[in-house]
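Participant: Show me how the following folds:
(one chain, ligands or ions: 2)
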Amino acid sequence: MGHVIVTDIERADAATIDALAAHGVATVHEALGRTGLAGVSLRPIQDGTRIGGSAVTVLNWPGDNLMIHAAVEQCRAGDVLVVTTVSPSLDGSFGELFATALQHRGVRGLVTTGGVRDVADLRSMGFPVWSGAVNAQGTVKATPGSVNVPIVVGGTIVRPGDVIVADDDGVLCVPREEAPSALAASDARLEKEAASRVAYRNGELSLVRNGLREVLADLGVSYITQAEYDNGRH
Ligand SMILES: O=C([O-])CC(=O)C(=O)O
Ligand SMILES: [Mg+2]
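Facilitator: Ligands and ions are numbered 1, 2, ... in the order given. Model (predicted):
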């Protein structure tokens, strides 16, 4: 495939995206059958921010941010810009000027395998970023790449229009077609966890609640239960 800028991408339903974002990365990841995580090397530059949005993807040449300039025009309110390079590069290809332009368009944040700079400004602007590095090393605008093609981020495929959820736990990609089922499974998981939370507040053991004594027994692990211990002392 040559270099392309694809404009007519499909996006998931906005309410579904927002509901997935509210669940957060860990819950939706579990609901997806423990798939979709974009690795551990993308770290948030801020604390306590959770976003969801529709992916606009960028494939840059290393040391070059030409295609981010092109991608800004393709971004709409509710999107998340997702950037990688054709070979590994941690150069600082993104900063507060890009963030200013994206904020104007209602973009919810940036995910990049590359580096970002101007991070104090990005934080004070409230523009959320997950990146492979903080790096003041700048880039040029000289080499073509693509916008809105499938890319690989932390071992996970991100296609334009997939749903990105990102928070303090990392970055997750939900394939667009799976967004409704991922939401239903996340809702179910939330209910199950709420019941477990009440049980644990009341002192119930996860070993008992989850049938794990049987698992330990099957694995041949011997131990003294609390009841046995207490009885032995009386
Ligand atoms: O301009 C650049 O190359 C990246 C940057 O620092 C900004 O967006 O502010
Ligand atoms: Mg700058």
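
Participant: Would you mind identifying the next helix or strand past the lengthiest helix in the chain?
Facilitator: Secondary structure of the chain per DSSP state H: the longest helix is helix 179-201. Counting by DSSP states H and E, the next helix or strand C-terminal to helix 179-201 is helix 206-209.

Participant: Alpha carbons of the following helix or strand past that next one, in CSV - could you do that?
Facilitator: Of the helices and strands lying after helix 206-209 in sequence (DSSP H and E), the nearest is helix 212-218. Output in CSV follows, covering the C-alpha atoms of helix 212-218 (Å, rounded to 0.1, in the frame of the first residue of the first chain):
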residue,chain,number,x,y,z
LEU,A,212,-10.6,-21.4,45.1
ARG,A,213,-10.3,-23.8,48.1
GLU,A,214,-11.2,-26.5,45.6
VAL,A,215,-8.7,-25.2,43.1
LEU,A,216,-5.9,-25.2,45.8
ALA,A,217,-7.0,-28.8,46.9
ASP,A,218,-6.9,-30.0,43.2
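
Participant: What is the longest helix of the chain packed up against?
Facilitator: If contacts are counted by 3 or more CB pairs under 8 Å, 6 or more residues apart in numbering; DSSP states H and E, helix 179-201 sits against helix 14-23, helix 25-31, helix 206-209. All C-beta atoms are positioned from the backbone trio N, CA, C, and that covers glycine.

Participant: what distance separates that helix from the centre of its chain?
Facilitator: Here helix 179-201 is found 19 Å from its chain centre; the criterion is CA atoms, centre = their mean, to the nearest Å.

Participant: Give me the angle between it and helix 14-23.
Facilitator: Counting by axes from the mean of the first three to the mean of the last three CA atoms, to 10 degrees, helix 179-201 lies at 30 degrees to helix 14-23.

Participant: residue ranges with poor pLDDT in this protein?
Facilitator: 1, 233-234 (pLDDT under 70).

Participant: Can you tell me the closest non-neighbouring residue to residue 226?
Facilitator: residue 205 (7.9 Å; CB to CB, 6 or more residues apart in numbering).

Participant: I misspoke; the intended subject was residue 168.
Facilitator: residue 44 is the one closest to residue 168 (CB to CB, 6+ apart), at 6.0 Å.

Participant: And the one you found, how far from ligand 2?
Facilitator: Remark: distance between residue 44 and ligand 2 (CB to the ion, to the nearest Å) = 19 Å.

Participant: follow-up on the earlier one: ranking the helices and strands packed on helix 179-201 by burial, who's on top?
Facilitator: Most buried of those, by mean neighbour count (mean count of other CB atoms under 10 Å): helix 25-31, with a mean of 21.

Participant: Which single residue in this structure comes nearest to ligand 1?
Facilitator: Going by CB to the nearest ligand atom, ligand 1 is nearest to residue 95 of the chain, at 2.6 Å.
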